[in-house]
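K.L.:
Return a 3D structure for these sequence lines:
(one chain, ligands or ions: 2)
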Amino acid sequence: MRVLVLGGDGFCGWPTSLYLSDRGHDITIVDNLSRRNIDNELEVQSLTPIRPIGERLRVWKEVTGREIGYENLDLATEYDRLVRLLEEVQPDAIVHFAEQRAAPYSMRTTHSKRYTVDNNVRATHNLLVAMVATGSTAALAHLGTMGVYGYGWSGSAPIPEGYLTVKVPTPDGDLEREILHPANPGSVYHMTKTLDQLMFAFYAKNDGLRVTDLHQGIVWGTQTDQTARDERLINRFDYDGDYGTVLNRFLMQAAIGHPLTVHGSGGQTRAFIHIRDTVRCIEIAITNPPPVGSQPMVLNQITETHRVRDLAKLVSEITGAEIANLPNPRQEADENDLVVRNDQFLALGLNPTTLSNGLLEEVSQIADKYKHRVDPTKIIARSTWREGMQTSEDLITEIETGE
Ligand code: NAD
Ligand code: USQ
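P.N.:
Ligands and ions are numbered 1, 2, ... in the order given. Predicted coordinates for the structure are as follows:
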């Protein structure tokens, strides 16, 4: 298949591009390198020494003989170039990773809120309009998030895959209807993903676009078989307070002897997936698209759920790291249950990598190897959800200085 990977220089997009290329697909990456620029803005770097995109692609060709195309293009602002690219490549499938993806970054400042909405909503809408304008019949797989459902809204009821069957009371009795699951975003970033869902529903209904929205949980791990083939192909590993996600952060913290930063009681339950399973799920999704004329197919791309404090306990037991309960900088439920249906991926052949069999490898091989690259001042999460909400600076200073 000819596949466009939008956001193919990022944490999920790079290993997906290599995996699909390795599987014989013809890949073109589109990425405006905005994520690398945000690293510059935040004065932080990936824990792993990622190489420039040109070098990454040269090394992949050197190692495998396979070529991957690359376009530096901003999906949110360069509509005409996007149209030309679709006409030129005529993709069979498009994988859309290209959005600002950190909840804390999206809540950081007025500017970052506006940037996240402008970038994400315009990128998705430009893509949909360009597909219609060029008559593209590509299967579109978009990376959405479990966070569109919110946490705790339905107690211990399992979260369905996108749609909820409801009863609508009428004078003649109840009507049964299937609706998009109510959206309950917990950050400006998550809000953009709920807006994406409406755009997909409209363009599937109106123009017959074939869309799969992958409601992905928190991705952990770093390497895949492909990124591990040469150190110059290494994947990104975000550890900072804005972009680092909880489990990878705990692994990095354990490696450098930093206390594990549990927000609040750690009673937040979240869904997880290893990066190796992310890349497999993408191939499953683009090779099993919904038929023309159907509503967007929603797949919950998760393999397990865990409470934050249980993850901290697990990492602490393995490594001896201390656990610190910090004031939570986010507005989120302190405790929530989370039961998630993921029947469709399992039925389509996903064989999940679970926490237990990948964890130790990750701690020793990546976090430990590159721990000298950590800037300890970037570890604590300082973006707060509302002005006036303060993280405890005293506690932070105590942790950072060890005094
Ligand atoms: P990332 O930031 O590492 O990668 C996103 C890539 O998209 C970056 O390389 C960035 O430069 C590019 N990009 C952003 N805006 C663009 C634009 N306007 N034009 C062109 N390129 C643009 O993020 P990631 O962790 O790889 O996440 C990829 C997708 O998966 C995101 O949409 C995210 O919401 C979703 N997701 C990620 C996780 C996770 O834990 N990382 C979990 C669930 C869902
Ligand atoms: N948390 C801690 N300590 C930390 C970091 C986080 O306790 O050091 C807590 C947070 O408060 C939150 C939970 O861990 O309750 C998850 O936070 P996270 O930063 O790991 O994940 P999140 O902000 O939800 O975002 C990540 C990705 C995002 C994706 C989402 C999937 O950055 O792109 O959409 O996971 S999901 O969470 O399923 O919505």
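K.L.:
wait, does stretch 297-315 make contact with ligand 2?
P.N.:
Yes - using CB under 6 Å from any ligand atom, stretch 297-315 reaches ligand 2 at Val308. Yep, even glycine has a C-beta here, placed from its N, CA and C like the rest.
K.L.:
how about that stretch: buried residues?
P.N.:
For stretch 297-315, a neighbour-count test (16 or more other CB atoms under 10 Å) marks 297-309, 311-312, 314-315 as buried.
K.L.:
next one: stretch 365-385
P.N.:
Under 16+ other CB under 10 Å, the buried positions of stretch 365-385 are 366-368, 370-371, 374, 378-385.
K.L.:
Just put these in CSV and tack on distance to Leu247, secondary structure and pLDDT.
P.N.:
Shown next, in CSV, are these (distance: CB to CB, whole Å; DSSP: H, G, I helix; E, B strand; the rest coil; pLDDT from 0 to 100):
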residue, distance to Leu247, secondary structure, pLDDT
Ile366, 12, helix, 93
Ala367, 11, helix, 93
Asp368, 16, coil, 93
Tyr370, 17, coil, 97
Lys371, 16, helix, 96
Val374, 16, coil, 98
Lys378, 18, helix, 98
Ile379, 15, coil, 98
Ile380, 17, coil, 97
Ala381, 14, coil, 97
Arg382, 20, coil, 95
Ser383, 19, coil, 97
Thr384, 22, coil, 97
Trp385, 21, coil, 97
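K.L.:
Which pair of those residues spans the longest distance?
P.N.:
Farthest apart among the buried residues of stretch 365-385 by CB to CB are Asp368 and Trp385. That separation is 33.0 Å.
K.L.:
So which residues of the stretch 301-403 of the chain form helices?
P.N.:
308-319, 343-347, 355-362, 393-401 (DSSP state H, counting those that start in this stretch).
K.L.:
Ok, the stretch 51-200 of the chain next?
P.N.:
53-64, 79-89, 103-106, 110-133, 188-207.
K.L.:
For the closest residue to Asp368 other than its chain neighbours, grab the count of nearby residues.
P.N.:
Spatial nearest neighbour of Asp368, excluding adjacent residues (CB to CB, 6 or more residues apart in numbering): Ala255 at 4.9 Å. As a burial measure, Ala255 scores 22 neighbours (other CB atoms under 10 Å).
K.L.:
returning to what we had before: out of the helices of the stretch 301-403 of the chain, which gets the lowest mean score?
P.N.:
The minimum mean pLDDT among the helices of the stretch 301-403 of the chain belongs to helix 393-401 (a mean of 60).
K.L.:
residue ranges with poor pLDDT in the stretch 201-350 of the chain?
P.N.:
Applying pLDDT under 70 to the stretch 201-350 of the chain flags no residue at all.
K.L.:
ok, which residues in it are in contact with ligand 1?
P.N.:
Checking the stretch 201-350 of the chain against ligand 1 by CB under 6 Å from any ligand atom, the hits are 216, 218-219, 236, 245.
K.L.:
and these, which are buried?
P.N.:
Applying 16+ other CB under 10 Å to those flags 216, 218-219, 236, 245 as buried.
K.L.:
Export those as CSV, with columns for distance to Tyr79.
P.N.:
Listed next are these as CSV, based on distance: CB to CB, whole Å:
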residue, distance to Tyr79
Gln216, 26
Ile218, 32
Val219, 29
Arg236, 28
Thr245, 31
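K.L.:
Taking those residues together, which two end up most distant?
P.N.:
Gln216 and Arg236 (16.4 Å).
K.L.:
Could you check what's spatially nearest to Lys61, not counting adjacent residues?
P.N.:
Closest to Lys61 by CB to CB, 6+ apart is Glu67, at 5.6 Å.
K.L.:
Compute the distance between the one you found and Asp26, please.
P.N.:
9 Å (CB to CB, to the nearest Å).
K.L.:
Asp334 now?
P.N.:
48 Å.
K.L.:
Just want to know which of those two has more residues nearby.
P.N.:
Asp26 (16 against 12).
K.L.:
which residues sit in contact with the residue in the stretch 1-150 of the chain that ligand 1 sits nearest to?
P.N.:
In the stretch 1-150 of the chain, no residue comes nearer to ligand 1 than Gly10, which is 2.0 Å away by CB to the nearest ligand atom. By CB atoms under 8 Å, 6 or more residues apart in numbering, Gly10 lies in contact with 31, 35, 97-98, 101, 236.
K.L.:
Against ligand 2, how distant is it?
P.N.:
Relative to ligand 2, Gly10 is positioned 10 Å away (CB to the nearest ligand atom, to the nearest Å).
K.L.:
tell me the SS of that residue?
P.N.:
Classification of Gly10 by DSSP: H, G, I helix; E, B strand; the rest coil places it in coil.
K.L.:
For stretch 245-252, list the C-alpha coordinates in CSV.
P.N.:
Extracted C-alpha coordinates of stretch 245-252, given in CSV (Å, rounded to 0.1, in the frame of the first residue of the first chain):
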residue,chain,number,x,y,z
THR,A,245,3.9,10.5,30.0
VAL,A,246,3.5,8.8,33.3
LEU,A,247,5.1,5.4,33.0
ASN,A,248,8.1,6.4,30.9
ARG,A,249,8.6,9.3,33.4
PHE,A,250,8.6,6.8,36.3
LEU,A,251,11.1,4.6,34.5
MET,A,252,13.4,7.6,33.8
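K.L.:
let's have the chain start at 7 instead
P.N.:
Yes, from this point I'll number from 7; that puts the last item at stretch 251-258.
K.L.:
distance between that stretch and the chain's centre?
P.N.:
Stretch 251-258 has its C-alpha centroid displaced from the chain centroid by 15 Å (CA atoms, centre = their mean, to the nearest Å).
K.L.:
What parts of the protein come near ligand 2?
P.N.:
Contact residues, the chain versus ligand 2 (CB under 6 Å from any ligand atom): 107-109, 151-153, 223-224, 251-252, 255, 267-269, 272, 274, 276-277, 314, 334, 336, 338, 387.
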